[in-house]
Every structure is written in structure tokens, then in C-alpha cells.
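In: Sequence first, then the predicted structure, then my questions.
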Protein chains: 4
Amino acid sequence: MANTADTPRSGRGRRPAAQVRERVLQAAADLLFDGGMKAVTFERVADAAGASKTTLYKWWPSAGALAAEAYFRRVEPALSFPDTGDIEADLKSQLHAFVELITERGGGGVIAELIGASQGDAALSAALSQTYSLPRRSLAVQAMERARSRGQLRPGVDLSMIVDQLWGACYHRLLLPGEPITHDFADALVENALYGAAPMPRQAATSSSRE
Amino acid sequence: MANTADTPRSGRGRRPAAQVRERVLQAAADLLFDGGMKAVTFERVADAAGASKTTLYKWWPSAGALAAEAYFRRVEPALSFPDTGDIEADLKSQLHAFVELITERGGGGVIAELIGASQGDAALSAALSQTYSLPRRSLAVQAMERARSRGQLRPGVDLSMIVDQLWGACYHRLLLPGEPITHDFADALVENALYGAAPMPRQAATSSSRE
Amino acid sequence: MANTADTPRSGRGRRPAAQVRERVLQAAADLLFDGGMKAVTFERVADAAGASKTTLYKWWPSAGALAAEAYFRRVEPALSFPDTGDIEADLKSQLHAFVELITERGGGGVIAELIGASQGDAALSAALSQTYSLPRRSLAVQAMERARSRGQLRPGVDLSMIVDQLWGACYHRLLLPGEPITHDFADALVENALYGAAPMPRQAATSSSRE
Amino acid sequence: MANTADTPRSGRGRRPAAQVRERVLQAAADLLFDGGMKAVTFERVADAAGASKTTLYKWWPSAGALAAEAYFRRVEPALSFPDTGDIEADLKSQLHAFVELITERGGGGVIAELIGASQGDAALSAALSQTYSLPRRSLAVQAMERARSRGQLRPGVDLSMIVDQLWGACYHRLLLPGEPITHDFADALVENALYGAAPMPRQAATSSSRE
DNA sequence: CGATAAACGAGACGGTACGTCACGTCTTGCC
DNA sequence: GGCAAGACGTGACGTACCGTCTCGTTTATCG
């Protein structure tokens, strides 16, 4: 009943690993995009891909990890960070792209489910970190480092924290729904991260905290 | 006539609802705190509480929703927001308490798992919003409104966005691990949210500055 | 959702027992005739009759017993045994009526299910014996006693055994399907019960067997 | 490397089907013989046999069908029909054995419950027909055919009907209790089936019925 | 170039949990 | 005081996956 592909199934014996992997990831992505994470089951993926559960267990530590790989294989991350020389514009541009991703296309739900499933699935958590969150954080930090060297950011600021403040705010609204995720919201995030909410600049900008 | 002492419940007939609920929530909390979300199963909770699955299904739409109620019943939210007149101090104080919650005690993992499970469990998501995230967001916004009326925050700022920028940053590090969640991080979050990362105040802010 | 009757349900207080019984038996018969024995459940009957399970438990020892009473209430046994003076004709007439009952109308399945359920339901078994099988056996035996006194049956024959040989044969084909139950079959049963399958009358018709 | 001796089965993987079937049937028979049909539950059998419910569902369509197979596996049918050349003696011998089975040993109740459960359990009904009633009917009919060819039975008699008249009479008393099932009863059944209850042989033994 | 070993599909297996249904017992509240 | 309403513990139902394991087949590799 399975076997959605057109290739007539070469039989039972050994087949090239790459070919099997490809079919599996295709099937997993299909299931993921119209059924969510809970449709990505070793059982169902094996059936849909014409593969065997044993094979899946050999290559992926959990159904979540398989779903993650299938997802990123399909959406082709396109990891790049513009550098126009204006950090405010660059941050806004990136954040707009992110807002686009998690609101427009079905991607938002999938990302949310992946992050959700990664709590309590160590393998998926590791895969997400390595493939998704760490590279993105790193790119953003590097861009801000360049901006800081150009004098667009104060020297003492923790750049990684700013990543949390921008993207984390979006994830917050994605994972704990209740407030909308809009482009205006993205702009406000960047502006506030740069200029702050206080009416006046800090009087003595040097003081550290918790002393 | 039988069991006067230790077995407080005799047989099969109807028992007071409140009593059953209490036992169920106790059992669910126990399972949750030493086994995580995946230990909170209708099956196991019913068994541990001496209740019946049917009863659980009548009162809770999903195991996740039951876990959430059991969690909040036990950790007694203590929802309050200090108002010392100094919004920076108040925000830091609250954020420190939050950092404390999700790092020190076992609460962090549980909260993370609850949020994780709420992706893909609409009932749990609704329960979390209503019981947890919305009230907290509301308290913080109200405190900042008071601060704004005192002139400590610029009039045009979206206060709800600041909540996302502060707490969302912490959730970001909680749910997509890789960077530590520390008290210094909390302080830096508040300071940057108030004063921004740009070296100079906003250019258009000509009215007053360090001139 | 229940409450199929048109009477608008008189409320919650006490109601005349006879009225309640009537509604319950009607509802049970309805369920029985289009759903078989497995549809006659205390739960469903109570719901359909607008009665309470408590009430049903007070009056019937098991769902099977309730089904039996509902069945016999509806099909009105019409217990009578003709006596035309010709025992062969009378037996055939009765057996044809029985064949009619268990083949034509849906009665056959219900009777079979009742007998089936009575294995393992002592209350139903007792009810069936008392209401159904014993009276019928008794009527047939009495008719044959009259025939014997007229010289139409040999003196030494066990008349109750003949009942088993006639009706039991039909039940056999009803309960262990495989052979059809027809009117020819009924005729053959009566004829063989009267004249035997041996080609000649018993050689020494007086001698007993097992010697 | 582990469990060399007492625990013949280690873990979760696949095990030889025949082995599992054997254990399941043993457990089912045990439950059946001291608890009746209502003790033969997929749940309990699976537990007692150390098997999984899924496995049982794959091999048996209903708990009743499983019980039937377990029963016949244990009581080893020993299907044989003597042929001494005297049909009266042979029929009595077989009927005595049947009476023995359903009265002496616990078999009677089990058979009755199996037949009972087969009403409303199509799978069990089919299994009973195929394994139990049809072969037995066939053996008896064949024996009577041989007797008829020897001239011990009249040519026109429906032999299958005689099976119903003999065994059906016993089932009648088994399933609708009220009259005892004895060896004298068995003898009387055979004698009446052969020689009839009428005082004289049929006047015109050739007439057919219902014309 | 033919034997061997690796990898595969298929799927049965022991489990755990699901969500539902009915049982028989019990309490509450209405009439 | 009796009844409806219905919640309760119990236990079975039939299904879905899990992760492990056996089997037979096919293919690539190496002696």
C-alpha cells in the first residue's frame, strides 16, 4: 500500500544507502508538512518510504531527529547574513525574514513543533542546536561584531544576549501564543534593542550590575 | 464497617469530586517531578491516584493539561510584581526570580517540557496561556505602565514587546540550549532593554543629550 | 439525547412503577430487535427509556434477563397446543409453527442469542426455563399423553425425550448452523420420531435394549 | 549469554510463532477450564501467556475463537466412529461417549458456553462449525450410510436429520436445562430414532410428506 | 568469478499507552 | 422516600507505536 514513488521497488536485498536515505527523508518531510510532528513516526515513515524500521533505527536516534533532518533538507536553510554596513537595517532585514518564515509559510508550526519535541528528546535537541540554532546565532553575532568594530554598537554589550533579545522575543510569541508576530513588532524589537526604552541615555554608562 | 483507618476509600461507588481531583493532582505532580512529562500518562496517573481513566478523561482534555494543572497547583505561582518606584530594579528583581525558577529548582526542565508539549497539544497550550503566560505578561505590562506614567519609560514604547524581549530571551536560552542563563544575563537584558546597545542615543533625540 | 418517546419526561421524582417498567421494556425490545443481544445494555436501556440504571438493577438481575422479558413481552407467546385427535398432525403443526418462528421472522436470531447468553448468565437461564422452555415442553408432553391414552403412541415411550428429539433437532440446526431448517425437515422429524428409521418394526417389540 | 535455564525467553524481539502459539493456547485453556468463557479474555490470556495483545489479535479473530481452539487442542477430539456392523450399537456407543463428555468431565459447561458464545460471535461460530460440529455430523452420517447399504436403515430416510434427532436432543437438554442427560436417555433416543414411537409400523411406508 | 558478508525489506514480538464502553456501586438533588 | 442523573473504580476492548529481533533476499566486495 505504501511505496509512493514511481521507481518500481528493486526488491528486498541491499540497496544503495544514499538512495534509501533520500526516499526516507522525502517521505518524512511529506508526512511532516501535512500532519505535523505527530505524523512522523518510524512506523509510518518506513511504510511510506518503502524502507524498513530497522534501517531507520540505524540512522536516526529518534523520530524527532528524523523529522528535523527532513525539515531542514527541504527548506534549504540559506544561511546568510547581509552586511550593508548599517547594523540596524541588517538586523531588521534578518528579523523580517524570520518573521516571514514563521508566519507566512507553514514553517512556523513545524519549527514550533520541532522545538517543542526537542524538550524531552535529547537527540532532537542536539540536532536542532547543531543544525539550526547555533549557526544562526553565530552568524548574527559575527555581523554584530563587525558592526561593533565599525562603532555602531557599544563595546561592552553582550552580543549573544542581543540575539536572544531579538529572536527570543519572536520565539516567545511563537511558542507561548497570545500576541501577534508582525513586521512592526520586528522593527520595534530592533529599535528598542539599539536605543532602549528609557527616556534618557544612561547617566554613567560604565556601571556594572549586581555589585 | 470495614476499613476505618488506613484505606480511606472503600469501594467503587461515587466519591466526592473534590477529593478525587486532589488525589489525582497530587499523583500527577509526583510523577511529573520525577519522571518528566513523559511519565505523566493518563494510565499511570490513574493507577497512582487510585482513580479511573474515565474520570481523568472527563476532567482533563489531555495528559499535558493535567500535568500543567498539577504543576501550577504545586508551585503556587505567587504572582506579584513589586513596585518600588524604580522600574529598572523591579524588572531585574522579577527576572532574577524567573532565572532562579528555571535554573535552581527542577522547575526549568518542567516548564520547558510543558511549553514543548504545548506545541501539538492545543488543550495544554490554552491552559498554559490562561494560567501561566498571559497573567504574567499582564502583570509586567501593568508595572511598566505605571513606570511610564512616572516618566521612567518613553511614551511610545510597546510595553508588551519589552516583556518578550526580557522573558522571551530567557525562554530562548531555555528551549534552545547553548548559552547559559545567569543573573548577569538577566541584568544585561534589563539594561539593554532600557538603554539600548547603540553607542549614542537616537539621533533624532536632539532635545537633550550629553552636550 | 435519549428519550425516544413522545411523553415529555415527567421529571426527576418518583413515578409509578408500572409506567417505568413499561417504558423500560419497550426500550429494551427496541434495542434488542435492531442490535441483537449485545445492544441490550443496562446503560443504553436506561438512557433510551429515560430511566435510571439504579432502577433497572432493582428489577432485573442482568441485562440478559431484561432482554428476555422484553422479548417475550413483545412476541406474546400464544402458548397453545392443538388437539385434533391426530398426534402426528398436531406435532407437525406445532413444529411448523416453531420453524416459522425461528426462520421467517427475525425471531430466530434473537432466540438463539438468548439461549446463547443464558450459558454463563444464570439469571437469564432461569428466566428462560421458567418462561419459555418448561411451559412449552410441558404442553407438548401433555398432548402426547393424551395421544398415548388414545393408543396413538406406545406405552413405554419417554414422551419428554420425544420433545427433545423434535424441538432439540431444530435447536441443533439453529445453534450449530450448517444445515437448513425447513418444513420438510420438520415433517421428517415427526415421521421418524413416530415410525423410526429401521426398515422393519422391531423384531421382538417387547424386549428392551441394552441387554 | 544470559538466562540459560529457567527463563527460556529473553526479550522483546521476534520469537518463533509456533512457540508463542503453544504458550497462548496453554494459557487460554487453563483460564477456560477454571473460570469459564468469561475468563478467556485477550487481556488475561496475553498476560498469562507472557504474550502481547497485538499478537493474539493477529491470530484469533475473537476471544471466543481463541477459547475454542484452546479447548479442542486440549481435549484432543479423537474423532472416530466405530463400525461393528450393528448401527444401533454403534450409535449408542457414540452417544454414550458424548453423554460422558458433557456430563462427567467439565467439558459440558465449556461446550455449552462455547456454543452460547458462538451466537453473536461469527468468528467463533465458524470455528465451531469447521472444527467441531461439521466433522462430527459427517462421521455419523457416513456410518449411517454404510448401515443403510447393509439394509439396516430404510432407503428414504434423511440421515443428517437423524444426527439432529440424536445429538440435537442432547444439546437441547444441555443448553436449555431442566431434564437430565443420562445413558438411559441416550439409549431411548437411539431406539426411538430407529423404531419410532408409534405402536405399529407405518401403514403405507412410502408416502411422502407435505404434498 | 564465485563465495561471503553486509545491508536491506518485511514484519512478528513483548510492551505501554491510548481513548472508549459497559459493568455494578454509590452519592446527590429533585420531586 | 423513591427516583433521575450521573460520577466513581474496575476491567476489557481494539489500535498505534515503540524498540528489539528473526528471517530470507539481494547486492557489493574480496579472495
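Out: Done, it's in. Residues are numbered from 1 along each chain as shown, chains lettered A, B, ... in the order given.
In: How about stretch A:32-51, which residues are buried there?
Out: For stretch A:32-51, a neighbour-count test (16 or more other Cβ atoms under 10 Å in any protein chain shown) marks A:32-33, A:36-37, A:39-42, A:44-51 as buried. All C-beta atoms are positioned from the backbone trio N, CA, C, and that covers glycine.
In: Please see if that stretch touches DNA strand E.
Out: Yes: for stretch A:32-51, a contact with DNA strand E is found by Cβ under 7 Å from any atom of the strand, at A:50-51.
In: How far away from the center of its chain is that stretch?
Out: 21 Å (Cα atoms, centre = their mean, to the nearest Å).
In: Next: stretch A:72-86.
Out: 11 Å.
In: in it, what's buried?
Out: A:72-73, A:81.
In: Quote the end-to-end distance of it.
Out: End-to-end distance of stretch A:72-86: 30 Å, with Cα to Cα, to the nearest Å as the criterion.
In: now do stretch A:121-135
Out: 20 Å.
In: Quick one: distance of that stretch to the chain centre.
Out: Distance, centroid of stretch A:121-135 to centroid of chain: 9 Å (Cα atoms, centre = their mean).
In: for the record, mean pLDDT for it?
Out: The average pLDDT within stretch A:121-135 is 94.
In: neighbouring contacts of it?
Out: A:60-62, A:64-65, A:67-69, A:72, A:77, A:79, A:114-115, A:117-119, B:176-178 (Cβ atoms under 8 Å, 6 or more residues apart in numbering or on different chains).
In: If we check chain D, which of those are in contact?
Out: Among these, no residue lies close to chain D (Cβ under 8 Å from any Cβ of the partner chain).
In: Filter the residues you listed down to the buried ones.
Out: Counted by 16+ other Cβ under 10 Å, those give A:60, A:62, A:64-65, A:67-69, A:72, A:114-115, A:117-119, B:176-177 as buried.
In: out of those, who's nearest residue A:190?
Out: residue B:176 (20.0 Å; Cβ to Cβ).
In: ok so, going back, next, format the buried residues of stretch A:72-86 as TSV and append pLDDT and secondary structure.
Out: TSV is the format used below for these (pLDDT from 0 to 100; DSSP: H, G, I helix; E, B strand; the rest coil):
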residue	pLDDT	secondary structure
A:72	91	helix
A:73	89	helix
A:81	90	coil
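In: Pick the one among these closest to residue A:186.
Out: Closest to residue A:186, out of all of the buried residues of stretch A:72-86 and judged by Cβ to Cβ, is residue A:81, at 15.4 Å.
In: contacting residues for that closest one?
Out: Contacts of residue A:81 (Cβ under 8 Å, 6+ apart): A:90, A:94, A:139-140, A:142-143.
In: can you rerun that using 6 Å?
Out: Residue A:81 makes contacts with A:139, A:143, as judged by Cβ atoms under 6 Å, 6 or more residues apart in numbering or on different chains.
In: One more: the one 3 residues further on?
Out: Counting by Cβ under 6 Å, 6+ apart, residue A:84 makes contact with residue A:90.
In: Please tell me how far it sits from chain B.
Out: As judged by Cβ to the nearest Cβ, to the nearest Å, residue A:84 and chain B stand 17 Å apart.
In: Can you tell me the SS state at the residue in chain A that chain D sits nearest to?
Out: Nearest to chain D in chain A, going by Cβ to the nearest Cβ, is residue A:54, at a distance of 11.1 Å. Assigned state for residue A:54: helix (three-state reduction, DSSP: H, G, I helix; E, B strand; the rest coil).
In: Would you state the predicted confidence (pLDDT) at it?
Out: 92.
In: Can you tell me how far it is from residue A:25?
Out: 17 Å (Cβ to Cβ, to the nearest Å).
In: Compare those two (neighbour count), which wins?
Out: Legend: neighbour count by other Cβ atoms under 10 Å in any protein chain shown for residue A:54 and residue A:25, higher for residue A:25 (22 against 9).
In: Which members of the contacts of stretch A:121-135 additionally contact DNA strand E?
Out: Okay, of those, nothing touches DNA strand E (Cβ under 7 Å from any atom of the strand).
In: What is the burial count for the residue lying closest to residue A:115 once chain neighbours are set aside?
Out: Using Cβ to Cβ, 6 or more residues apart in numbering or on different chains and skipping the chain neighbours, the partner closest in space to residue A:115 is residue B:175 (5.6 Å). Look at residue B:175: counted by other Cβ under 10 Å, it has 22 neighbours.
In: shouldn't residue A:70 be in contact with residue A:28?
Out: Yes: using Cβ atoms under 6 Å, residue A:70 is in contact with residue A:28, at 3.7 Å.
In: Would you mind telling me which of those two has more residues around it?
Out: residue A:28 (30 against 24).
In: which element is that one on?
Out: Assigned by DSSP states H and E, residue A:28 falls within helix A:17-33.
In: Centre of the chain to that helix, how far?
Out: 19 Å.
In: so what does that helix touch, helix or strand wise?
Out: helix A:42-49, helix A:63-75 (3 or more Cβ pairs under 6 Å, 6 or more residues apart in numbering or on different chains; DSSP states H and E).
In: Okay, angle between the shortest one and helix A:63-75 too, please.
Out: What separates the directions of helix A:42-49 and helix A:63-75 is an angle of 40 degrees, with axes from the mean of the first three to the mean of the last three Cα atoms, to 10 degrees.
In: What is helix A:42-49 packed up against?
Out: Going by 3+ Cβ pairs under 6 Å, 6+ apart, helix A:42-49 lies up against helix A:17-33, helix A:53-59.
In: Near chain B, which residues of chain A are found?
Out: Neighbours of chain B within chain A, by Cβ under 6 Å from any Cβ of the partner chain: A:37-38, A:112-113, A:115-116, A:119-120, A:129, A:133-134, A:153-154, A:157-158, A:160-162, A:164-165, A:168-169, A:171-172, A:175-176, A:178-179, A:188, A:193-199, A:201-202, A:209-210.
In: Would you check how far apart the residue nearest to residue A:139 when sequence neighbours are not counted and chain B are?
Out: Closest residue to residue A:139 apart from its sequence neighbours, by Cβ to Cβ, 6+ apart: residue A:81 at 4.4 Å. Distance, residue A:81 to chain B, using Cβ to the nearest Cβ: 17 Å.
In: for residue A:18, same thing?
Out: 30 Å.
In: Equivalent analysis for residue A:92, please.
Out: Residue A:92 is 14 Å from chain B, by Cβ to the nearest Cβ.
In: now do residue A:51
Out: Applying Cβ to the nearest Cβ to residue A:51 and chain B gives a distance of 25 Å.
In: Give me the pLDDT for that residue.
Out: Listed pLDDT for residue A:51 reads 90.
In: Ramachandran coordinates for it?
Out: Main-chain dihedrals, residue A:51, degrees, to the nearest 10: phi -110, psi 180.
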